[in-house]
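>>> Got a sequence here, can you build the structure:
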Amino acid sequence: MSDKETEEIKNITDESVELSYRERSLRARSAHKKKNYARRIKILLALVVALLAVLVVLSIKERHGNDKDNNNDKIASISDADRVISKDSTTPVPTITIKPSDTPTPSPTPTPTPKFKITEFTKTEKTVELASAVDGDHRFDPVELVPAANAAKPYTEGEDIAKTKMIESSYLVLADADTGEILIERDADKVAYPASMTKVLTVLTAMDFVKEEDFDKTVKVCQETLTYVYKHDCSRVGFVLDQEVCIKDLFYGTIVCSGGDAALELAKYCCGSVDAFVEQMNKKVEELGLSETAHFTNPVGIFDENLHCTVKDIGIIMCAAMQNEFLRDVLKTRIYTTTVYVENDENIKPLEISNWFIRRIEDKETNGTVIGAKTGFVNQSRNCAVSYMVSDSGKNYVCVTGMAPNAWRAIYDHVALYRSFTS
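Reported below is the predicted structural model:
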């Protein structure tokens, strides 16, 4: 083949390659334009749909407004008709049915938050004042009581009258928690040592630092807490070193079984240290108007000459705590199962604690139901207790006693006071 023919074939091949390239380019451009057209069409369709939706909403609102205007016009026309009918009673009264959806809904009335009402207890001419008890080596002069004339259930021969018709506590006050009126008292203004009744103030103060969403948060039990509890022989829940305990368990542990370990950890959680928390406890005392006679040095109730108050002070503190829904539940709980587990007889079980005062008084006749209680004991004030009772007639009472010779006598003193002076 000659050079000329070879060159011609080469030129033809180059032209074919160039045409093929141009053809592919044209096809690519055509496909790209089609994609753009499709994309634009989709956008336009979306805009059309959105516009139609807006128009539909506006149409519905306009129609709804017109319906309301029509109903208002009809109501107005009824009022006019009423004025005419008052002159001519033979004219029939038109009736208009308004759709429930068009009827205005009244705003719900907010539920009032319970407020602390009683700020002090006061004596009246009806107050029974008992003479100071004779105290010699913890021997007490029992005072026989006469049941109130309006008592719901008078004494009967079948009852243990010897236990329910006398009181032996050296300090006591029973007051109407609705009015603040003192029904009976003995040395109620005398400063004494409240022992573990202190813990009612502990949980009341803690509520200023804890919100409901904090109840599931946890703290780790520290060695300092355990050392304090064992050194002072405190009642305790039974938490162990480095155990994770939720805040809710600390509240219940402080009250239900009078746990010193729970009270200390709760104080540290709230304020960072026990000393800082005690400052807040005394601020709460001042807020309640009790600072002249009440002062606290620890959240447990361990004896200290500077930790003192009157039984009236404890009654006021108890009334304040009972205003809080959560604390009411804590103070009335008979048995509580914590979220922590302990080894017991080679089994791992949840820790269960009890409020023995509630459990022991619940089957006694008190003219009502005790819905909150806290006991205490130190050698300097013997057995003491505070309880809150709702009578069968719906009245509220608070009772505080101190210096009873034993735990059961403290309970029977409360039974005797409720039984004889409430209705």
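>>> give me every residue that touches the closest residue in space to Thr127 that isn't next to it in sequence.
Leaving aside its sequence neighbours, Thr127 sits nearest to Ile182 (CB to CB, 6 or more residues apart in numbering; 4.8 Å). Heads up, the C-betas are built off the backbone N, CA and C, glycines and all. Counting by CB atoms under 8 Å, 6 or more residues apart in numbering, Ile182 touches Phe121, Thr122, Lys123, Thr124, Thr127, Val173, Leu174, Ala175, Ala188.
>>> Show the buried residues in the residues you listed.
Phe121, Thr127, Val173, Leu174, Ala175, Ala188 (16 or more other CB atoms under 10 Å).
>>> so the fifth one sits in a helix?
No - Ala175: not assigned to a helix; according to DSSP: H, G, I helix; E, B strand; the rest coil it is strand.
>>> Report the contact partners of it.
Counting by CB under 8 Å, 6+ apart, the residues that Ala175 touches are Ile118, Phe121, Glu181, Ile182, Leu183, Lys312, Gly315, Tyr397, Val398, Cys399.
>>> pLDDT value on it, please?
pLDDT recorded at Ala175 is 92.
>>> okay, now the closest residue to Ser258 other than its chain neighbours: neighbour count?
The spatially closest residue to Ser258, leaving aside those adjacent along the chain, is Ser235, at 4.2 Å (CB to CB, 6+ apart). Residues near Ser235, counting by other CB atoms under 10 Å, number 21.
>>> And for the residue nearest to Ser170 when sequence neighbours are not counted, the neighbour number?
Of all residues not flanking Ser170 in the chain, Met403 sits nearest, at 3.5 Å (CB to CB, 6+ apart). Close neighbours of Met403, defined as other CB under 10 Å, add up to 25.
>>> Tell me which strands the helix or strand where Met403 lies pairs with, and in which orientation.
Using DSSP states H and E, Met403 sits in strand 396-404. In the sheet, strand 396-404 lines up against strand 171-176 (antiparallel), strand 382-391 (antiparallel) (DSSP bridges).
>>> Show me the strands in the chain, by range?
128-129, 143-144, 166-167, 171-176, 182-186, 218-220, 244-246, 335-344, 347-354, 368-378, 382-391, 396-404 (DSSP state E).
>>> tell me the average confidence for the third one?
Strand 166-167 carries an average pLDDT of 78.
>>> still on that earlier bit, Leu331 is nearest to which of the strands paired with strand 396-404?
strand 382-391 (7.2 Å; CB to CB).
>>> Return the set of buried residues in that closest one.
Buried, per 16+ other CB under 10 Å, within strand 382-391: Arg382, Asn383, Cys384, Ala385, Val386, Ser387, Tyr388, Met389, Val390, Ser391.
>>> quick one, what contacts the last one?
Put plainly, it is Ser391. Ser391 touches Ala152, Asn367, Gly368, Tyr397, Thr422, Ser423, counting by CB under 8 Å, 6+ apart.
>>> what do you get if the cut-off is 6 Å, keeping everything else the same?
Asn367, Gly368, Thr422 (CB atoms under 6 Å, 6 or more residues apart in numbering).
>>> coming back round to it: with distance to Leu307 added, can I get the buried ones among the contacts of Ile182 in CSV?
Shown next, in CSV, are the buried ones among the contacts of Ile182 (distance: CB to CB, whole Å):
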residue, distance to Leu307
Phe121, 21
Thr127, 28
Val173, 19
Leu174, 24
Ala175, 23
Ala188, 19
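>>> Can you find the helix or strand in this structure with the smallest mean pLDDT?
helix 3-85 (a mean of 59; mean pLDDT, DSSP states H and E).
>>> Where does pLDDT dip in the stretch 151-300 of the chain?
Confidence mapping of the stretch 151-300 of the chain against pLDDT under 70 gives the ranges 151-164.
>>> residues contacting Phe296?
Contacts of Phe296 by CB under 6 Å, 6+ apart are Met281, Asn282, Leu307.
>>> top of those by neighbour count?
Met281 (23 neighbours).
>>> residue contacts, it?
By CB under 6 Å, 6+ apart, the neighbours of Met281 are Leu201, Thr205, Phe296.
>>> Thr297 now?
Asp304, Asn306, Leu307.
>>> can we see that at 10 Å?
Contacts for Thr297 (CB atoms under 10 Å, 6 or more residues apart in numbering) come out as Thr198, Val274, Asp275, Val278, Met281, Asn282, Phe303, Asp304, Glu305, Asn306, Leu307, His308.
>>> same deal with Val386?
Neighbouring residues of Val386 by CB under 10 Å, 6+ apart: 173, 194, 197, 200, 311, 314-315, 317-319, 321, 331, 357, 372-376, 398-402, 414.
>>> likewise Val49?
Val49 neighbours (CB under 10 Å, 6+ apart): none.
>>> hmm, back to that, so what pairs up with the residue nearest to Thr127 in the strands?
Here Ile182, judged by DSSP bridges, has bridge partners Ala175.
>>> Now do it against Gly376, distance only.
Distance, Ile182 to Gly376, using CB to CB, to the nearest Å: 21 Å.
>>> cool, and Phe239?
Following CB to CB, the distance that separates Phe239 from Gly376 is 21 Å.
>>> That'll do, ta.
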